[in-house]
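Student: quick one: sequence and predicted model below, then my questions.
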Amino acid sequence: MSKPYVYLTRKMPQNITDQLAAACDVGMWEKAEEPVPQHILKEEMKTADAVFCNVSDVIDKDMIDAAEQLKVIATMAVGYNNIDVKAAQEKNIYVAHTPGVLTETTADLTFALLMASARRIPEGIDVIKNNEWGAWAPFFLTGQDIYQARLGIIGMGRIGEAVAKRGTGFDMDIVYHNRTPKKEAEQRLGARLVDMDELLQTSDFVCVMTPYTKETHHLIDKQAFDKMKSSAIFINTSRGGTVDEEALYNALKNGDIRGAGLDVFENEPISADHPLLSLPNVTALPHIGSASETTRKKMAEMTANHILQALRGETPDYIVKE
Ligand SMILES: NC(=O)C1=CN([C@@H]2O[C@H](COP(=O)(O)OP(=O)(O)OC[C@H]3O[C@@H](n4cnc5c(N)ncnc54)[C@H](OP(=O)(O)O)[C@@H]3O)[C@@H](O)[C@H]2O)C=CC1
Ligand SMILES: O=CC(=O)O
């Protein structure tokens, strides 16, 4: 009997392909830093039993409908907005993802962005590298205090809570907005549920940690920036689409808010000539929230394991339920 066929959309380490090869025939896009072209992925999906994908692969209804024997789409990510989950469910195809394992690593990066933006660290680095460091000056590169500031978290889920926990170490006053209250987090972190307007109007740091859905598309728009304090710093490590980037650019340019720390963009990779990147008060990173070696290895192992589970006829440990 022939083995099931799994297709990996990026080059993965040998231990991962070995793990899969013990039970499957393995096909792989051999480049680690370049996504597989859509037409190749669609062709591979027609005959694959399993797909090992990531945040940059768009897996739409057409591709899912054309798949003849697909049993699982396993993404090496917690976010799955790039996959048409409904179309997969209609064909009883599992969509598996990697929640939890990347929570602390992503919270670390989110807090790093917050600190870098507040204390103008990229600008300081540029000053040194460009040989622009003159005499000590009383108000040179003065930033914003983090300790005892108000941290507003939109989307108090796994990562939101982990960011809030870091905030407690800085004696921050934590408020959050969610569709459902998080009583346990409130007690543990001293966080307070507020409505969106109060969060936007009173927070020193506004941090978005929701998934990207129809409901959160451009959740942070011109009206939202208008409500924020002119000293507010906006942090986004969720998905670029939760924010209207043109409104963000205008808010930063006009001084409606003080700065932004961004790990995600509407179009990734963002082009170097994107207007947002011309602003000194933007700290931008290339979607590296979960990018520690340990965490990425765990995510890859978890993804491979989900595939093996589905191909054995078991339900993968973490499937998306919508
Ligand atoms: N930059 C990076 O590299 C990474 C980015 N991410 C992003 O972070 C996201 C969150 O991950 P994780 O914390 O594990 O997910 P969770 O599902 O644990 O948390 C998401 C939270 O958002 C809340 N939420 C959902 N919709 C809304 C809404 N419309 N308004 C307000 N709150 C909302 C949910 O609560 P409720 O439903 O009750 O409202 C939930 O508490 C991922 O979906 C992904 O997009 C994740 C990892 C790395
Ligand atoms: O963006 C990364 C993810 O895991 O989601």
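Tutor: All right, it came through fine. Ligands and ions are numbered 1, 2, ... in the order given.
Student: all helices for the stretch 151-300 of the chain, in order.
Tutor: Assigned by DSSP state H, counting those that start in this stretch, the stretch 151-300 of the chain shows helices spanning 158-169, 183-189, 196-202, 222-227, 245-253, 293-311.
Student: tell me which of those helices is the most buried.
Tutor: The highest average neighbour count among the helices of the stretch 151-300 of the chain, using mean count of other C-beta atoms under 10 Å, belongs to helix 158-169 at a mean of 21. (C-beta placed from N, C-alpha, C; glycine too.)
Student: could I get that helix in CSV with only the CA atoms?
Tutor: Presented in CSV, the C-alpha positions along helix 158-169 are these (Å, rounded to 0.1, in the frame of the first residue of the first chain):
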residue,chain,number,x,y,z
ARG,A,158,-3.2,33.8,25.6
ILE,A,159,-0.7,36.3,24.3
GLY,A,160,-2.6,39.4,25.6
GLU,A,161,-2.5,37.9,29.1
ALA,A,162,1.2,37.1,28.8
VAL,A,163,1.9,40.7,27.7
ALA,A,164,-0.2,42.0,30.6
LYS,A,165,1.8,39.8,33.0
ARG,A,166,5.0,41.5,31.8
GLY,A,167,3.3,44.8,32.4
THR,A,168,2.7,43.9,36.0
GLY,A,169,6.4,43.7,36.5
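Student: quick one: contacts of it?
Tutor: 78, 99-100, 103-104, 106-108, 110-111, 151, 153-154, 156, 174, 176, 178, 182, 185, 189-191, 207, 209, 237 (C-beta atoms under 8 Å, 6 or more residues apart in numbering).
Student: what does this structure put close to ligand 2?
Tutor: 55, 77-79, 102, 289-290 (C-beta under 6 Å from any ligand atom).
Student: gap between residue 297 and residue 8?
Tutor: With the distance defined as C-beta to C-beta, to the nearest Å, residue 297 ends up 15 Å from residue 8.
Student: what does the stretch 151-300 of the chain put close to ligand 1?
Tutor: 154-160, 177-180, 209-212, 215-216, 237-239, 263-264, 287, 289-290.
Student: now, those residues that are in strands?
Tutor: Per DSSP state E, strands hold the following members of these: 154, 177.
Student: buried subset of the residues of the stretch 151-300 of the chain next to ligand 1 as a ChimeraX selection?
Tutor: The following ChimeraX line selects those of those that are buried, judged by 16 or more other C-beta atoms under 10 Å:
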select :154,155,156,157,158,159,160,177,178,209,210,212,216,237,238,239,263,264,287,289,290
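Student: isn't residue 31 right next to residue 9, touching?
Tutor: No - between residue 31 and residue 9 no contact is recorded; they are 9.9 Å apart, counting by C-beta atoms under 8 Å.
Student: so those two - more neighbours on which side?
Tutor: residue 9 (23 against 11; other C-beta atoms under 10 Å).
Student: the more buried one against residue 38, yeah?
Tutor: No - at 10.5 Å, residue 9 and residue 38 do not qualify as touching, with contact defined as C-beta under 8 Å.
Student: what's the most distant pair in the residues of the chain next to ligand 2?
Tutor: Put simply, by C-beta to C-beta the two of the residues of the chain next to ligand 2 set farthest apart are 55 and 102, 11.4 Å from each other.
Student: which one's more surrounded, the two?
Tutor: residue 102 (24 against 21).
Student: confirm that residue 110 sits in a helix.
Tutor: Yes - counting by DSSP: H, G, I helix; E, B strand; the rest coil, residue 110 is found in a helix.
Student: gap between the residue nearest to residue 23 when sequence neighbours are not counted and residue 21?
Tutor: Excluding the flanking residues, the one nearest residue 23 by C-beta to C-beta, 6 or more residues apart in numbering is residue 308, at 5.8 Å. Remark: distance between residue 308 and residue 21 (C-beta to C-beta) = 11 Å.
Student: please name the nearest non-neighbouring residue to the residue of the stretch 151-300 of the chain found nearest ligand 1.
Tutor: Nearest residue of the stretch 151-300 of the chain to ligand 1: residue 157, at 1.7 Å (C-beta to the nearest ligand atom). Excluding the flanking residues, the one nearest residue 157 by C-beta to C-beta, 6+ apart is residue 209, at 6.4 Å.
Student: so how far is residue 239 from that neighbour?
Tutor: 10 Å.
Student: check residue 96 too.
Tutor: For residue 96, the distance to residue 239 - C-beta to C-beta - is 19 Å.
Student: then residue 218?
Tutor: Where residue 239 is concerned, residue 218 sits at a distance of 11 Å (C-beta to C-beta).
Student: sketch out the low-pLDDT regions of this protein for me.
Tutor: By pLDDT under 70, the chain has no low-scoring segment.
Student: walk me through the domains of this protein.
Tutor: 5-100+293-312, 102-284 (the TED database).
Student: now the nearest residue to residue 307 once chain neighbours are set aside: phi and psi?
Tutor: Leaving aside its sequence neighbours, residue 307 sits nearest to residue 50 (C-beta to C-beta, 6+ apart; 4.4 Å). Note on residue 50: its backbone torsions stand at phi -150, psi 150 [degrees, to the nearest 10].
Student: thanks a lot, catch you later.
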